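Participant: Return a 3D structure for these sequence lines:
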Amino acid sequence: MSETALQAEQLQQEMRQVRAELRDDVQEMVATARVLREWRAYVRSYPWVCLGAAAAVGYFMVPSRMMVIRPDAASLLELAKQKKLTVKMDQFAQKPSLVRSLLGMAAGTLMQAGVALVTKQVNEYLARSEGAAFPRREGAFP
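Facilitator: Sure thing, here's the model as predicted:
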């Protein structure tokens, strides 16, 4: 073989080897990327760091408590004098008393009994009217 043919063959062999190495490198990078994408691998490797990060995220996600200010009469008068007082009327929710709760339960029970009685009466009426309009024959479907 001539020297150029030998050099060309050697160059092709080196190119095949580079391609094979490149293919192996790319496959290794893909496998590494899959592992990095998997969050469970981080939890297995660094459990305390992940626990701390989850606690920090939870702490910052929870909103802070709303501060309720209950001013006294003197401070309200002072605000009114400075024209910084705005009055917003909200309907305060009343705590249900024991009597109110019992009356509510009794009303619900009476309502259920009334509905059951009306349902029974309507069913009886329909059964009577159905029997008169369509007399049953033997062998007929129920």
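Participant: Alpha carbons only: can I get the least confident helix or strand in the chain by mean pLDDT in CSV?
Facilitator: Using mean pLDDT, DSSP states H and E, helix 73-81 stands out as the lowest-scoring helix or strand of the chain, at a mean of 78. Backbone C-alpha positions of helix 73-81 (Å, rounded to 0.1, in the frame of the first residue of the first chain) are rendered in CSV as follows:
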residue,chain,number,x,y,z
ALA,A,73,-62.1,55.0,72.9
ALA,A,74,-59.4,57.7,73.5
SER,A,75,-57.3,56.5,70.5
LEU,A,76,-60.4,56.4,68.3
LEU,A,77,-61.3,60.0,69.3
GLU,A,78,-57.7,61.0,68.4
LEU,A,79,-57.9,59.3,65.0
ALA,A,80,-61.3,60.9,64.4
LYS,A,81,-59.8,64.4,65.2
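Participant: buried sites along the helix or strand following that helix?
Facilitator: Where DSSP states H and E defines the elements, the next helix or strand beyond helix 73-81 is helix 98-133. Buried residues in helix 98-133, counting neighbours by 16 or more other Cβ atoms under 10 Å, are absent. For the C-beta atoms, the positions are set from N, CA and C on the backbone; glycine is no exception.
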